[in-house]
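Undergrad: Generate coordinates for the sequence data below:
(one chain, ligands or ions: 2)
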Amino acid sequence: MFEQSTRTDNGYQLVIPVVHSARHTTHPHYPVNHPRPTLTNLHSHTYRCKHASGDAVDYVRAAHAGGAAVYGISDHAPMPDGRHSDVRMDMDELDGYEQAVRDAQTAFPEITVLLALECEDFPENRAFYREEILGRREFDYLVGAAHYTPFEGAWHNSYIGMNNGRFLRAYSDHLCAMMETGLYAFIAHPDIFGCSVTQWNQNLTECSRDILAAAAMTGVPLEINAGGFRKSQRQTAQGSRPQYPWSAFWELASDYRVTVVCNSDAHHPDDALANLDQAYDLAAFHGLTLAEAGDLGLDSIMLV
Ligand SMILES: [Zn+2]
Ligand SMILES: [Zn+2]
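TA: Ligands and ions are numbered 1, 2, ... in the order given. Presented below is the predicted three-dimensional model:
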């Protein structure tokens with residue numbers, strides 16, 4: 001077992017044991033990439049998910065006006081079995097979605113528009129994602145997200161109930177399995193437990209360390225989701241904080257050899273590039289390394 005020093009909130013150095021092989025031993029804090037990367041957002045939606053407005057071209061128009069060089073449309077993926085259709089497009093909308101993104105590419109050739117989907121990692125859907133979406137349809141990437149967590153034989157809403165340690169454990173196990181599939185360019189809002197837990201606790205430390213170790217081992221970037229800055233704040237004894245991104249999680253992340261991607265998670269065209277500065281500031285504050293194109297599996301795309 002190695003030892004290393006890590007930064008604490010009050011600036012003192014603390015020596016802690018290194019228990020995961022994925023943890024680095026030489027650079028407690030990676031330098032943040034400077035200058036900031038080309039303005040990019042890889043997480044946005046369209047009206048088809050039934051809780052967003054606007055179509056692909058509306059987001060791309062706003063992103064282009066805002067100076068973005070690369071923009072990814074990643075609406076909630078349809079389920080072949082029609083599950084949770086109230087928060088995602090239907091299967092018969094997939095063709096129209098694909099065409100809408102391709103039309104946006106044509107309308108704004110000055111900006112690299114990427115075609116993507118945000119997916120729940122239901123194991124029975126993986127072949128669909130791999131063979132149909134990434135394969136036959138040649139989507140550029142998939143976002144892995146756990147809005148639902150498998151627990152006690154059913155899928156439960158991940159926005160609530162993470163005070164239950166066993167449910168939290170199921171969530172972190174689910175994220176780790178998701179990363180190991182190799183299907184996903186990055187994992188959306190890994191700290192979504194901040195929606196239902198008020199105070200940081202030991203269970204969160206343990207589960208977060210497992211998530212972070214898996215991200216380090218698999219090389220899958222984690223998303224600092226700026227959409228959380230636009231949600232209501234969580235009130236705590238120490239004051240208010242965003243539900244996510246939760247700074248305590250990203251402080252832990254600085255102990256690991258992980259990369260992060262900052263996204264707006266836009267559900268309205270006006271939010272095409274919203275709150276990205278806050279997300280980058282959080283990454284910089286914790287000394288986190290920004291994912292580059294290769295980390296995201298986007299080798300042919302320049303994300304300088
Ligand atoms: Zn959504
Ligand atoms: Zn999303």
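Undergrad: Trp155 belongs to a helix?
TA: No. Going by DSSP: H, G, I helix; E, B strand; the rest coil, the assignment for Trp155 is strand, not a helix.
Undergrad: partner residues bridging it?
TA: Pro150 (DSSP bridges).
Undergrad: and it, what does it touch?
TA: 122, 148-149 (Cβ atoms under 8 Å, 6 or more residues apart in numbering). Backbone N, C-alpha and C define where each C-beta goes, glycine included.
Undergrad: how many other residues sit next to the residue lying closest to Val258 once chain neighbours are set aside?
TA: In space, Val258 comes closest to Ala215 once its chain neighbours are excluded; the distance is 4.5 Å by Cβ to Cβ, 6 or more residues apart in numbering. A count of nearby residues for Ala215, using other Cβ atoms under 10 Å, gives 25.
Undergrad: Doesn't Ala215 lie inside a helix?
TA: Yes. With three-state DSSP as the criterion, Ala215 is assigned to a helix.
Undergrad: That one reaches Ile187, doesn't it?
TA: Yes. Contact criterion Cβ atoms under 8 Å: Ala215 and Ile187 qualify, at 7.2 Å.
Undergrad: Where does Gln199 sit, in terms of helix or strand?
TA: Assigned by DSSP states H and E, Gln199 belongs to no helix or strand.
Undergrad: Just give me the neighbour total for it.
TA: 10.
Undergrad: residues touching it, list them.
TA: 236-237.
Undergrad: Against Ala146, how distant is it?
TA: 22 Å (Cβ to Cβ, to the nearest Å).
Undergrad: Would you mind listing what in this structure touches ligand 2?
TA: Contacts of the chain with ligand 2, taken as Cβ under 5 Å from the ion, map to 118, 265.
Undergrad: before we move on, the earlier item: what's the per-residue pLDDT of the residue nearest to Val258 here?
TA: Ala215 is assigned a pLDDT of 98 by the prediction.
Undergrad: same deal with the one 5 residues further on?
TA: At Val220, the model reports a pLDDT of 98.
Undergrad: Surely it is in contact with Tyr184?
TA: Yes. Counting by Cβ under 8 Å, Val220 sits close enough to Tyr184 to count as a contact (6.4 Å).
Undergrad: Between those two, which contacts overlap?
TA: Gly144.
Undergrad: which of those two has more neighbours?
TA: Neighbour totals were compared for Val220 and Tyr184, and Val220 leads with 27 against 23 (other Cβ under 10 Å).
Undergrad: what about the nearest residue in space to that one that is not next to it in sequence, how many neighbours?
TA: Using Cβ to Cβ, 6+ apart and skipping the chain neighbours, the partner closest in space to Val220 is Met179 (4.4 Å). Using other Cβ under 10 Å, Met179 has 25 other residues around it.
Undergrad: sec struct for Met179, please.
TA: Reduced to three states by three-state DSSP, Met179 is helix.
Undergrad: so it makes contact with Pro221?
TA: No. Counting by Cβ under 8 Å, Met179 does not reach Pro221; the two are 9.9 Å apart.
Undergrad: shared neighbours, the two?
TA: 187, 215.
Undergrad: returning to what we had before: pull up the gap between the residue nearest to Val258 and ligand 2, please.
TA: Ala215 is 19 Å from ligand 2, where distance means Cβ to the ion, to the nearest Å.
Undergrad: Could you pull up the residues touching the residue positioned nearest the centre of the chain?
TA: Central residue of the chain (Cα atoms, centre = their mean): Ala188, 2.0 Å from the mean position. Ala188 sits next to 43, 118, 143-145, 223, 225, 263, 265 when contact means Cβ under 8 Å, 6+ apart.
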